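Participant: I need the structure of the sequence given here:
(2 chains)
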Amino acid sequence: MKEIAIVGFQQSNSVSDAGAVNEVEMIMPVLSRIFQQVGINNAQDVGFVCSGSCDYLQGAAFAFVAGVDALGAVPPIKESHVEMDAAWALYESILKIRMGHADSALIYGFGKSSPGELPIVMSQQLDPYYLAPLWVDSISLAALQARLMLDQGLITERDMAEVVSQSRRNAMNNPHAQLAGDVAPDDVLAQEMYLSPLRKADICPVSDGASAMIIATVEKAKEWGLPYAIISGIDHCIETHNLGMRDLTDSVSTRTAAKRAGMGAGPVEVAELYAPFSHQEIILSRALGLGDETLINPSGGVLAGNLMMASGLSRIGEVFNRIVSGEVQRGIAHATSGPCLQHNLVTVLEKA
Amino acid sequence: MANLAAVVGIGQTKYMTRRLDVSIAGLVREAAVNALQDADLTWDDIDAVILGKAPDMFEGVIMPEAYLTDALGCNGKPMLRVHTAGSVGGSTALVAASHVQSGMFKRVLTVSFEKQSESNAMWALSNPQPFSTHLNAGAGGYFAPIIREYMRRSNAPYDVGIKVAVKDRLHGARNPLAHLQKPDITMQEVEESFMLWDPIRFLEACPSSDGACAMIIANEELADKASKKPAWIRGVAMRSEPTMYAGRDEVNPQAGRDCAADVYKQAGITNPRKDLDCAEVYVPFSWYEPMWLENLGFAPEGEGWKLTMEGATSLDEGGDIPWNCSGGVLSSNAIGASGMIRFAEAARQVRGDAGAHQVEGAKLALGHAYGGGAQFYAMWVVGSEKP
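Facilitator: Prediction:
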């Protein structure tokens, strides 16, 4: 099977409110930067384009259509879209390259979450007959999950605070981060409760922004003469939607996806995990069996800024950046979708 | 070169205004179970599920794959949700095919749906947006001026659309799954139906339907062993262009022409009217048949309407290139599924499994879908023979 190389990654700053900037205006600078990074002019110079976005963030049907305006799609291009995080747009693009219908692909994701009430909006992702009418917001569901873990003695509030502290400190080295600082676990624990047992710091912020990636066959990457990292495995797995029917303190689908993606075939030096809540980083790292030899979320993760529909792709981009800079040789990236980590994708990246 | 793939199972629901007897989950499951039965397979034989539907705002369920995984037997497997506007049913079939054509999967299930009785498409499509013209007219209002421009350019007689409306409903009367059942429809009845968006009359527009369509796509090894005759995928193509740009031809969009050229090249088609035995083409408003006949190369520019008027696209008139034998979108429109229904009906024809709307001896068929402001295209060609 064709090896896939990542040749470029760009992300916008994660900001709490992009103001009057619309979705196209959010995408455009990221795209021009990635075209510059790869040394191409526009989407005409890649074989396929795939994006990830969510109509409900914009409050309009076909919100992604405007995204096409940012591409320079004249003459027409081969283009598709997933109503999912752009990590799954990457997945679709890999299929397209492996079937021989493209030698390269541009992937981008974008989300402007600030105009709406994101946690409430996401309640409409639940079963429309039995759960959505209750308007259970995403933070409340995560709080129930954290409460289960605390009650079972699987974590302590200090464990959660340590995740937050590490995220804030790591984010100090991430110029795109929205929340960063020298925050100690005790500082977190001193915060008042927001939605018990979650403090505000345990919850990822609401952010606006976009990210983009370019992948190619190894031959094309060499032709472009660019440093690249190899995607040696990618897999994803979904679990039941009924929250009462799965063990919320574990993430079986993450473990399954990682196994199928071949995570265990070598050391994991770095892991970027899409954990929108502090306790979920603990669930994920335990599900993956990550230990002290793995650097977790050196970017600060999404607790430092959460670009809806792009954060999963950004996790992969963060690991790519560390591999091409020579910092590490091998790492994994994780993306999630659905309430309480229902659907998970794991990508294994290696030095070329 | 892509790995070979074929359709080995097809399942649809009956299309109708309101399926009050099932939930959204029940609707998609019904189509999926029908596809599994058609292929003589069980849930365990499926490696991944690829779901498609039109905007989430229609039913008001965000990213419904999260909720539908249980109904579609996908727990523990990969699930992907495609959304490419009205072309989505076709795009979803193509993304499902790419799972197999890439060599990464052996056999996948793809499902698309719309439950319009639990939604309000007019509202969802007309939401005002900052800095954008507020159409407040739905899809028909958007396409009517483009149709009028086609009529002006081609000097087509005023009743071409009426003829298409009759022809597709007569086709639909042969298909028990079709939503509209109008075996006695006449040109006069269509002409006398009220004007919705000039020149589109009520009976020249598609209905609003509930329904779902499912297909099982397998690799060569499994398709060779399939219980029923497979439909081999001979070509796949997608194209997109912006909604608006200087010089855009909205009547005969470049993206549609490019997409057709791409899929024909893969399937070895040089003369679509001659080489293909039939086509299932996305015609939600009657006049889009002559327009797409030209865009897809079945007729020279400005002459598509002549094929329609000669009866070339009619099964009942013994036409040489029947279009939309199932009744098409004009007979059933479960929006998110409509593109996939075109793809599935093309596959049914080459499997020789299309019942009363079968084109005798069909060997090669085109499935077509378009969406947005006629800017997104998805097409495939399926054949009875392995390429």
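Participant: Stretch B:288-303 and chain A in contact?
Facilitator: No: using CB under 8 Å from any CB of the partner chain, stretch B:288-303 stays clear of chain A, with a minimum separation of 12.4 Å. (C-beta placed from N, C-alpha, C; glycine too.)
Participant: Any idea how far apart the tips of that stretch sit?
Facilitator: Across stretch B:288-303, the terminal residues are separated by 13 Å (CA to CA, to the nearest Å).
Participant: now do stretch B:368-386
Facilitator: Looking at stretch B:368-386, the gap from its leading to its trailing residue is 21 Å under the measure CA to CA.
Participant: ok, and for it, which residues are buried?
Facilitator: Of the residues in stretch B:368-386, B:368-384 count as buried by neighbour count, 16 or more other CB atoms under 10 Å in any protein chain shown.
Participant: Repeat that for stretch A:53-63.
Facilitator: Applying a neighbour-count criterion of 16+ other CB under 10 Å, one finds A:53, A:54, A:55, A:56, A:57, A:58, A:60, A:61, A:62, A:63 buried in stretch A:53-63.
Participant: What values do phi and psi take at the second one?
Facilitator: Meaning residue A:54. Recorded main-chain torsions at residue A:54 are phi -140, psi 120, according to degrees, to the nearest 10.
Participant: Nearest residue to the middle of chain B?
Facilitator: Centrality entry for chain B: nearest residue to the mean C-alpha point is residue B:339, 2.6 Å, by CA atoms, centre = their mean.
Participant: tell me the contacts of that one?
Facilitator: When contacts are counted by CB atoms under 8 Å, 6 or more residues apart in numbering or on different chains, residue B:339 is found next to B:52, B:86-93, B:112, B:282, B:369, B:371, B:378.
Participant: Mind checking which of those are in helices?
Facilitator: Per DSSP state H, helices hold the following members of these: B:88, B:89, B:90, B:91, B:92, B:93.
Participant: how about the third one, what does it touch?
Facilitator: The reference is to residue B:90. B:282, B:339, B:340, B:342, B:343, B:367, B:368, B:369, B:378, B:379, B:380.
Participant: Return the closest of the residues you listed with respect to chain A.
Facilitator: Ranking those by separation from chain A, with CB to the nearest CB as the measure, puts residue B:378 on top at 8.7 Å.
Participant: For the closest one, give its distance to residue A:72.
Facilitator: In this structure, residue B:378 and residue A:72 are 21 Å apart, going by CB to CB, to the nearest Å.
Participant: And for residue B:181?
Facilitator: Shown here: residue B:181 relative to residue A:72, a distance of 47 Å by CB to CB.
Participant: next one: residue B:259
Facilitator: The separation that residue B:259 has from residue A:72, given CB to CB, amounts to 18 Å.
Participant: neighbouring contacts of the lowest-mean-pLDDT helix or strand in chain B?
Facilitator: The weakest-scoring helix or strand in chain B, judged by mean pLDDT, DSSP states H and E, is helix B:121-125 (a mean of 77). Applying CB under 8 Å, 6+ apart, the external contacts of helix B:121-125 come out as A:61, B:54, B:55, B:57, B:58, B:138, B:139, B:208, B:335.
Participant: residue contacts, the second one?
Facilitator: So the one you mean is residue B:54. Contact criterion CB under 8 Å, 6+ apart gives A:61, B:83, B:85, B:86, B:88, B:114, B:121, B:335, B:336 as the residues in contact with residue B:54.
Participant: Quick check: it vs residue B:114, distance?
Facilitator: When distances are taken as CB to CB, residue B:54 and residue B:114 turn out to be 6 Å apart.
Participant: Return every residue with contacts to both of these two.
Facilitator: B:335, B:336.
Participant: quick revisit: using TSV, please lay out the contacts of residue B:90 together with pLDDT.
Facilitator: Formatted as TSV, the entries for these read as follows, by pLDDT from 0 to 100:
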residue	pLDDT
B:282	98
B:339	98
B:340	98
B:342	98
B:343	98
B:367	98
B:368	98
B:369	98
B:378	98
B:379	98
B:380	98
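Participant: now, which of those lie within strands?
Facilitator: Among the contacts of residue B:90, the members falling in strands are B:367, B:368, B:369, B:378, B:379, B:380 (criterion: DSSP state E).
Participant: Need those residues in JSON lines (columns: distance to residue B:28).
Facilitator: Formatted as JSON lines, the entries for these read as follows, by distance: CB to CB, whole Å:
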{"residue": "B:367", "distance to residue B:28": "20"}
{"residue": "B:368", "distance to residue B:28": "23"}
{"residue": "B:369", "distance to residue B:28": "19"}
{"residue": "B:378", "distance to residue B:28": "20"}
{"residue": "B:379", "distance to residue B:28": "24"}
{"residue": "B:380", "distance to residue B:28": "21"}
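Participant: filter the residues you listed down to the ones near chain A?
Facilitator: Restricting the ones in strands among the contacts of residue B:90 to contacts with chain A (CB under 8 Å from any CB) yields no residues.
Participant: ok, the buried residues of stretch A:53-63 vs residue A:183, which is closest?
Facilitator: Lowest distance from residue A:183 to the buried residues of stretch A:53-63 (CB to CB) belongs to residue A:57, with 28.4 Å.
Participant: Shouldn't that closest one be within a helix?
Facilitator: Yes: checked against DSSP: H, G, I helix; E, B strand; the rest coil, residue A:57 lies within a helix.
Participant: Let me see the contact set for it.
Facilitator: In this structure, residue A:57 makes contact with A:63, A:111, A:112, A:113, A:116, A:118, A:121, A:308, A:309, judged by CB under 8 Å, 6+ apart.
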